[in-house]
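# just need the structure, nothing else, for what follows:
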Amino acid sequence: MKKVGIMGGTFNPIHLGHLMLAENAYDFFKLDEVWFIPSADPPHKEKQKVLDYRHRSQMTELAVKDIPYFIKSDFEARRHERSYTAETLRLLHEAYPDIEFYFIMGADSLFQIETWYAPEKVMAQAILLVAVRDHHPVEEMRRQIAHLTEKYNARIRLMNMPEIDVSSKDIRRRAANQESIRFFVTEAVRDYIIQHDLYKGDEAQDEIQH
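Numbering: from 1, shown residues only. Just a heads-up that it's a prediction; the model follows:
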């Protein structure tokens, strides 16, 4: 069965931390592909200003275009509902019944997942691949995994991940202040942001995919 990792998020913008997380998951768990799915209508952004999907999708395309096993998917754009992870996974299973899906996430999401929409459906429909980060001790993460496994029958795997101090929020702030974003994003994404004059005067907002 084909093994596909899912990287879901606002990608506002996609940065090198996203790519490194995806690469680690691909390598560590021998995935066949990693699909990057930008959220079309993220529910947690209802009161926040989010860059138009067209720009976020195009930047994601540019970021992954040179890596054959990284695929930008417009799956969310074909829907007309809110971009809940549980619903996205359900529709992915309907569309691709012969694929085993792995949902890739950072350590923080492991502790936040019970606040997501229908967390039991998320954990029933995908194996969770979680990055181990220094600010979450491994023993603390193992206790959370034991809790989620007992309560939801979750399937969770840990992977080592270097600490990367980069965030979309900081990139938006730097771009708004006309500071350099080189080495935060790929050159193609950097050029796109400059060419389209993105994030000028934008207020930096946090990015979490639910």
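# in what helix or strand does Gln178 lie?
Counting by DSSP states H and E, there is no helix or strand that carries Gln178.
# run a quick neighbour tally on it.
Look at Gln178: counted by other CB atoms under 10 Å, it has 10 neighbours. Heads up, the C-betas are built off the backbone N, CA and C, glycines and all.
# let me see the backbone angles for it.
For Gln178, the backbone dihedrals (degrees, to the nearest 10) come out as phi 60, psi 40.
# doesn't Leu158 make contact with Phe28?
No. Between Phe28 and Leu158 there is no contact under CB atoms under 8 Å: 9.3 Å.
# same for the helix or strand encompassing Glu139, what does it pack against?
Counting by DSSP H and E, the element that carries Glu139 is helix 138-152. When contacts are defined as 3 or more CB pairs under 8 Å, 6 or more residues apart in numbering; DSSP states H and E, helix 138-152 sits against helix 107-112, helix 119-125, strand 127-132, strand 156-160.
# what does stretch 84-102 rub up against?
Stretch 84-102 is touched from outside by 1-6, 8, 25, 29, 31, 37, 43, 75-76, 79, 81, 103, 116-119, 121-122, 125-129, 209-210, with contacts defined as CB atoms under 8 Å, 6 or more residues apart in numbering.
# among those residues, which lie within strands?
When these are checked against strands (DSSP state E), the matches are Lys2, Lys3, Val4, Gly5, Ile6, Gly8, Ile37, Phe103, Ile127, Leu128, Leu129.
# any of those buried? List them.
For the ones in strands among the contacts of stretch 84-102, a burial check counting by 16 or more other CB atoms under 10 Å picks out Lys3, Val4, Gly5, Ile6, Gly8, Ile37, Phe103, Ile127, Leu128, Leu129.
# what is the lowest-pLDDT residue among those?
Minimum pLDDT across these is recorded for Gly8, with 94.
# distance of it relative to Ala107?
Distance of Gly8 to Ala107, computed by CB to CB, to the nearest Å: 16 Å.
# out of the ones in strands among the contacts of stretch 84-102, which comes closest to Tyr192?
Nearest to Tyr192, judged by CB to CB, of those is Ile37 at 19.0 Å.
# list the contacts of the closest one.
Ile6, Met7, Gly8, Ser73, Phe75, Glu76, Thr88.
# any idea what Glu33 is bridged to?
Glu33 forms beta bridges with Val4, as assigned by DSSP bridges.
# show me what contacts the residue nearest to His15 when sequence neighbours are not counted?
Spatial nearest neighbour of His15, excluding adjacent residues (CB to CB, 6 or more residues apart in numbering): Val185 at 5.0 Å. Contacts for Val185 (CB under 8 Å, 6+ apart) come out as Pro13, Ile14, His15, Leu16, Met59, Ala63, Ile171, Ile193.
# pLDDT score for the last one?
You'll see Ile193 listed with a pLDDT of 97.
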